[in-house]
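Visitor: Starting from these lines, generate the structure:
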Amino acid sequence: MSVKPCEGSPAEREGVVKYRLDFRSGPAPRWAGYPRLESWRRVLFHLRLVGKDPGRYGGSSYGNLSQRFGSGFVISATQTGGMALLAPDHYCLVERADIEANRVVARGVHPPSSESLTHGAVYQAAPRAQVVMHSHCPDIWRHAERLGLPKTPPAAAYGTPALATAVRRLVETLPVAAVLVMAGHPDGVLAYGASPEQAGRLLVTTLARAWALNLVNEQEEET
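Guide: Below is the predicted model of the structure:
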């Protein structure tokens, strides 16, 4: 038996910005944490937790990473999931993420990810969190209960203030570092922590546990 990277079938269309965006074109943010964050993004890309596949989500890119920066955060730009390596110009500074107003204020070379409100919700709810990783993994998503992962309500849909609010409420009950599943966002998984290493290891370890459950299921089917 072989273990393959995360795969899934097409779901709702990704990458569609549903919030009101106030975007100012200008230089991309430069921050000292770029090499560490981007190195972990490359790990997730090779595991297909971030990426782009014609057979998934209508061919749209999926997955994004962010890191706290001053009073806001830097986040990978919209529709960059399919790129193996992002330069600093492919990150955008979100100066404000207002969930109640469904509004994001940002600046950079490229507009921010469509999931910026959700990232902002994590930073609001977890003051010690420094990094958020939004990935897509059917294996983790479908095994959420067996893995003991917290979940947002199924009614909270992708890219909406309802999802951002649900994430904020859930994170307020969780530790400084955790992995959670967005039940109303097919395959959507969030990991966050005090550093890229902490969030990344949590996410990859959870993926390994999900793969182990797949192998147990395969063995049961063979007997």
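Visitor: the helices in the protein, which residues?
Guide: For the chain, applying DSSP state H gives helices covering 34-46, 116-125, 138-142, 144-147, 161-171, 196-222.
Visitor: what's the distance between residue 63 and residue 74?
Guide: As judged by CB to CB, to the nearest Å, residue 63 and residue 74 stand 16 Å apart. In short, each C-beta sits where N, CA and C put it, glycine included.
Visitor: same check, this time on residue 55
Guide: For residue 55, the distance to residue 74 - CB to CB - is 30 Å.
Visitor: Next: residue 178.
Guide: 21 Å.
Visitor: And the two? Which one has more around it.
Guide: Using other CB atoms under 10 Å, the more surrounded residue of residue 178 and residue 74 is residue 74, with 27 against 21.
Visitor: these two touch, right, residue 159 and residue 113?
Guide: No: taking contacts as CB atoms under 8 Å, residue 159 lies outside contact range of residue 113: 9.7 Å.
Visitor: Could you check which of those two has the larger neighbour count?
Guide: residue 113 (30 against 22).
Visitor: In stretch 164-181, which residues are buried?
Guide: For stretch 164-181, the neighbour count (16 or more other CB atoms under 10 Å) marks 164-168, 170-171, 174, 177-181 as buried.
Visitor: To clarify, my last question referred to stretch 197-211.
Guide: Buried, per 16+ other CB under 10 Å, within stretch 197-211: 198-204, 206-207, 209-211.
Visitor: what does stretch 123-136 give?
Guide: Of the residues in stretch 123-136, 123-126, 129-136 count as buried by neighbour count, 16+ other CB under 10 Å.
Visitor: Let me see the contact set for the residue most central in space within the chain.
Guide: Nearest to the geometric centre of the chain sits residue 134, at 0.6 Å (CA atoms, centre = their mean). Residue 134 makes contacts with 63-65, 113, 115, 118-119, 188-190, as judged by CB atoms under 8 Å, 6 or more residues apart in numbering.
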